[in-house]
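Undergrad: Provide a 3D model corresponding to the input given below.
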Amino acid sequence: MEQVTNLVSQYFGTSNRELHFGGIPVGKLAAEYGTPLFVYDSQALNQKWNLLRKTLPPEFAISYSVKANPNPAILKFFLDRGGGLEIASAGEFHRALSAGCPPDEILFAGPGKTPAELELVLSKGIGEIHIESLLEAQRISAISSKLGVPAKVAVRVNPTGDAQGGAMRMGGKPLPFGVDEETLDTVLDQILPDQFLDFQGLHLFTGTQILDYEILVDQYRKGLEIAKRVAQRLEHPLHTIDFGGGLGIPYFAKEQELDMEKLREQLAVLMAQIKDEPLFAGTKLMVEPGRYL
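TA: Here you go, the predicted structure:
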């Protein structure tokens, strides 16, 4: 109950013991639109977006994870603020396009991509597909060969070690998402020579629902170390490094909000440490927040 009270006071309001959304009493909304009713407050969304944008270094791009809420109005809201979109299915791809997102600003991540879904997004010029396994890489290559257009791909990597404090690390070992860090070179041995796989970079994943800024910074640092090793192998910078999601929100009374000011400070330090590193020159850094926004 305490957490609900905090949310109401932070993002909404009350008057005469009635909840307000965007200054409008819920009773009035229910009377006008009927129930059940989903209501989204653009001011609350804007507040979260601005806080995240202020927290992240300017080098970071934001791709909203559509699975968190695929409402077209919400997708357009984040697109209008310069965000991209991350999808996990053909249905989400169609939603993203309908909201006005250019195909090359869409990322396709997640296991279980079907051949039909891959052919659809590749035929439309999707920005990047995140490979989960060698089998998926082979499937993408075959479809790209059929279409006659190389696929822009990144490899989803599970860094060694757990994100302690995160709510979920997607299982133990072997992990159902991505490839383990230990096998990354073997996977790259197969991907890099393939003329129909245009290797762009890495998607790092260690956990989700993280409320400790130090854990997030450690994740980003570890991800940069892995990316640097790959860039050294390529002898040029990666095009993209995707740090995934991970930004948590408190669900229970004893949980504390993620300290965004501390996160901002530490990420600024991290960026200062790599700013003169040629192997990161021009690399696009990104995150994929969902529930946080």
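
Undergrad: Surely Pro70 and Glu92 touch.
TA: Yes - taking contacts as Cβ atoms under 8 Å, Pro70 lies within contact range of Glu92: 5.9 Å. C-beta coordinates here come from the backbone N, C-alpha and C atoms, glycine included.

Undergrad: Settle it for me: which of these two has more neighbours?
TA: Ranked by neighbour count (other Cβ atoms under 10 Å), Pro70 and Glu92 place Glu92 first, with 21 against 18.

Undergrad: and that one, what does it touch?
TA: Applying Cβ atoms under 8 Å, 6 or more residues apart in numbering to Glu92 gives the contacts Val66, Lys67, Pro70, Leu85.

Undergrad: And the pLDDT at it?
TA: On the pLDDT scale, Glu92 is placed at 98.

Undergrad: Work out for me the element it sits within.
TA: helix 90-98 (DSSP states H and E).

Undergrad: can you list the residues that contact whichever helix or strand comes after that helix?
TA: Going down the chain from helix 90-98, the next helix or strand is strand 106-108, by DSSP H and E. Contact with strand 106-108 is made by 63, 84-88, 93, 96-97, 117, 121, 126-130, 242, 288, as judged by Cβ under 8 Å, 6+ apart.

Undergrad: Okay, now the sheet partners of strand 106-108, with direction.
TA: The pairing partners recorded for strand 106-108 under DSSP bridges are strand 84-87 (parallel), strand 128-131 (parallel).

Undergrad: how far is that strand from where the chain is centred?
TA: 10 Å (Cα atoms, centre = their mean, to the nearest Å).

Undergrad: could you check the angle helix 90-98 makes with the helix or strand following it?
TA: Later in the chain than strand 106-108, the nearest helix or strand by DSSP H and E is helix 115-123. In terms of direction (axes from the mean of the first three to the mean of the last three Cα atoms, to 10 degrees), helix 115-123 departs from helix 90-98 by 20 degrees.

Undergrad: What are the contacting residues of helix 115-123?
TA: By Cβ under 8 Å, 6+ apart, the residues outside helix 115-123 that reach it are 89-90, 93, 103, 106, 108, 129, 139-140, 143-144, 146-147, 149, 151.

Undergrad: Restrict that helix to CA atoms and write it as CSV.
TA: Extracted in CSV, the C-alpha atoms of helix 115-123 (Å, rounded to 0.1, in the frame of the first residue of the first chain):
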residue,chain,number,x,y,z
PRO,A,115,11.6,-17.7,-40.6
ALA,A,116,8.5,-15.8,-41.7
GLU,A,117,9.2,-13.0,-39.2
LEU,A,118,12.8,-12.8,-40.2
GLU,A,119,11.9,-12.6,-43.9
LEU,A,120,9.3,-9.9,-43.2
VAL,A,121,11.6,-7.6,-41.3
LEU,A,122,14.5,-8.1,-43.7
SER,A,123,12.3,-7.4,-46.7
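
Undergrad: In that helix, which of the residues would be classed as buried?
TA: Of the residues in helix 115-123, Glu117, Leu118, Glu119, Leu120, Val121, Leu122 count as buried by neighbour count, 16 or more other Cβ atoms under 10 Å.

Undergrad: how far does stretch 28-39 sit from the chain's center?
TA: Distance, stretch centre to chain centre, for stretch 28-39: 31 Å (Cα atoms, centre = their mean).

Undergrad: ok, residues contacting it?
TA: Here stretch 28-39 has contacts from Phe21, Val26, Asn71, using Cβ under 8 Å, 6+ apart.

Undergrad: Just give the number of residues close to the second one.
TA: Neighbours of Val26 under the rule other Cβ under 10 Å: 16.

Undergrad: Spit out the contact partners of it.
TA: With contact taken as Cβ under 8 Å, 6+ apart, Val26 is in contact with Glu18, Leu19, His20, Val39.

Undergrad: any idea which of the residues you listed has the most stuff around it?
TA: Ranking the contacts of Val26 using other Cβ under 10 Å puts His20 first, with 18 neighbours.

Undergrad: where's Ala61, which helix or strand?
TA: strand 60-65.

Undergrad: Give the partner strands of that strand in its sheet and their orientations.
TA: Counting by DSSP bridges, strand 60-65 is paired with strand 84-87 (parallel), strand 284-287 (parallel).

Undergrad: Quick check: which of those is buried the most?
TA: Per-stretch averages of neighbours, counted by mean count of other Cβ atoms under 10 Å, single out strand 84-87 among those, with a mean of 26.

Undergrad: Just the contacts of stretch 28-39: which are in helices?
TA: If you go by DSSP state H, the contacts of stretch 28-39 have Val26 in helices.

Undergrad: That concludes my questions; thank you for your assistance.
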